[in-house]
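> quick one, structure for this:
(2 chains)
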2 protein chains.
Amino acid sequence: MVVLGIDCGSERTGYGVIDSDGTTHRLIRAGVVRTSPKEPFAERLRRIAVPLREVIAETRPDQAAIEEVFHAANAKTALKLAHVRGVALLVLAEARLAVGEYSPLEVKSSVVGYGRAEKHQVRLMVHSLLGLREAIDSEDACDAVAVAICHATHELTRRRMAAAYV
Amino acid sequence: MVVLGIDCGSERTGYGVIDSDGTTHRLIRAGVVRTSPKEPFAERLRRIAVPLREVIAETRPDQAAIEEVFHAANAKTALKLAHVRGVALLVLAEARLAVGEYSPLEVKSSVVGYGRAEKHQVRLMVHSLLGLREAIDSEDACDAVAVAICHATHELTRRRMAAAYV
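Next up is the predicted model:
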């Protein structure tokens, strides 16, 4: 199953595409979309949507995953993030992709096995799980891959649960 | 100048298109997009984008206007609203429309002449300014028209200021 993970941000939005059976994962593509704070916000949203659509067209994922957004931290930042997340969800819905939504705690638990893991531990595990020799360029891309791995793992569990209850 | 105003909401998003020279306003079209809370959120965002694009294609606005979003009130509601607003801004940017953003206070000041006006006063003034005999069906559509009127009025002021400083 090909899974697209997205890590939203108004300045940097990461994406990561993996091929996974829920236990072994292979990296297909990862990258980051950068936008300039100097541009009007609406234009920045457009500049995020365009490459996300390209990635979907080129990698043809079966499913997608994205992190939940929290109103904790900085309220203004959370609101900006929610705009970007709305655009990402729209792009996914337009591509008719089912979307899994996960909390940061779920992503960390799934990738590291510990919900309160540090960011660098998540990134270390992402590289380890994918058997990567070279580091993924951007931290945001790496976080997006972590969300994709989390979704693939959860999907396997869901399929197993469904099979057990037949 | 044809102005499209949008009033975002996750359950109901209003839109209003007016033709205005900044002093006299004529209603071209107003309506509301409703989505069901039973549907996945990403799909609801898609169902908001589709009719907004149709309205733009059919009424060909020159500019657009939208209300600012605040983190006041309910944080969860504000975050949902920000997702919808992100989608609306994307649609406007894709149509290459310049977007004016106004606070509720600015909209009320512009339409009623008093920033702390009640909602029903705003609606009364919208109908009066447009010389409407029949009421606009939806309150959200009416609020969207108010944002469009606010923008048209501000645009006239901006043009006059620019002319004065030549």
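> name the element A:Lys80 belongs to?
helix A:75-94 (DSSP states H and E).
> that helix and chain B in contact?
Yes - using Cβ under 8 Å from any Cβ of the partner chain, helix A:75-94 reaches chain B at A:75-76, A:78-80, A:82-87, A:89-90, A:92-94. (C-beta placed from N, C-alpha, C; glycine too.)
> quick one: list the elements packing against that helix.
strand A:2-7, helix A:41-59, strand A:63-67, strand A:98-102, helix B:41-59, helix B:75-94 (3 or more Cβ pairs under 8 Å, 6 or more residues apart in numbering or on different chains; DSSP states H and E).
> so where's chain A uncertain?
Applying pLDDT under 70 to chain A picks out residues A:71-73, A:166.
> redo that, cut-off 80
A:70-74, A:165-166 (pLDDT under 80).
> which bits of it sit near chain B?
For chain A, the residues in contact with chain B (Cβ under 8 Å from any Cβ) are A:40-43, A:45-46, A:49, A:69, A:71, A:75-76, A:78-80, A:82-87, A:89-90, A:92-94, A:99.
> at 6 Å what do you get?
With Cβ under 6 Å from any Cβ of the partner chain as the criterion, chain A meets chain B at residues A:42-43, A:45-46, A:49, A:71, A:75, A:79, A:82-83, A:85-87, A:89-90, A:92-94, A:99.
> and A:Val112, what does it touch?
By Cβ atoms under 6 Å, 6 or more residues apart in numbering or on different chains, A:Val112 lies in contact with A:Gln121, A:Val122, A:Met125.
> list the contacts for the last one?
The one in question is A:Met125. By Cβ under 6 Å, 6+ apart, the contact list for A:Met125 reads A:Val111, A:Val112.
> which SSE is it in?
helix A:119-130.
> for that helix, buried residues please.
A:Val122, A:Arg123, A:Met125, A:Val126, A:His127, A:Leu129, A:Leu130 (16 or more other Cβ atoms under 10 Å in any protein chain shown).
> and for stretch A:92-100?
Residues of stretch A:92-100 classed as buried: A:Leu92, A:Ala93, A:Glu94, A:Ala95, A:Leu97, A:Val99, A:Gly100 (neighbour count, 16+ other Cβ under 10 Å).
> what's the most distant pair in these?
Maximum pairwise distance among these (Cβ to Cβ): 17.3 Å, between A:Glu94 and A:Gly100.
> the longest helix in chain A is where?
Taking DSSP state H as the criterion, chain A has its longest helix at helix A:139-164.
> return the list of helices and strands in contact with that one.
Applying 3 or more Cβ pairs under 6 Å, 6 or more residues apart in numbering or on different chains; DSSP states H and E, we find helix A:139-164 packed against strand A:2-7, strand A:12-20, strand A:25-34, strand A:63-67, helix A:104-112, helix A:119-130.
> and the fifth one, how far out from the chain's middle?
With Cα atoms, centre = their mean, to the nearest Å as the basis, helix A:104-112 stands 12 Å off its chain's centre.
> tell me the buried residues in it?
Applying a neighbour-count criterion of 16+ other Cβ under 10 Å, one finds A:Pro104, A:Glu106, A:Val107, A:Lys108, A:Ser109, A:Ser110, A:Val111, A:Val112 buried in helix A:104-112.
> and the residue nearest to the first one when sequence neighbours are not counted, how many neighbours does it have?
By that I understand A:Pro104. Counting by Cβ to Cβ, 6 or more residues apart in numbering or on different chains, A:Pro104 lies nearest to A:Glu67, which is 6.2 Å off, once chain neighbours are set aside. A:Glu67 has 22 neighbours, counted by other Cβ atoms under 10 Å in any protein chain shown.
> dig out what A:Glu67 forms beta bridges with.
Counting by DSSP bridges, A:Glu67 forms beta bridges with A:Tyr102.
> from chain B, how far off is it?
13 Å (Cβ to the nearest Cβ, to the nearest Å).
> how far away is that residue from A:Val99?
11 Å (Cβ to Cβ, to the nearest Å).
> can you check A:Arg29 too?
Applying Cβ to Cβ, one obtains 19 Å for the distance of A:Arg29 from A:Val99.
> one more: A:Ile136?
A:Ile136 is 22 Å from A:Val99, by Cβ to Cβ.
> likewise A:Ser10?
Plainly put, A:Ser10 is 20 Å away from A:Val99 if you go by Cβ to Cβ.
> I'd say A:Val33 and A:Leu52 touch.
No - using Cβ atoms under 6 Å, A:Val33 is not in contact with A:Leu52; the gap is 7.0 Å.
> neighbour-wise, which of these two wins?
Set A:Val33 next to A:Leu52 and count neighbours by other Cβ under 10 Å: A:Val33 wins out with 25 against 21.
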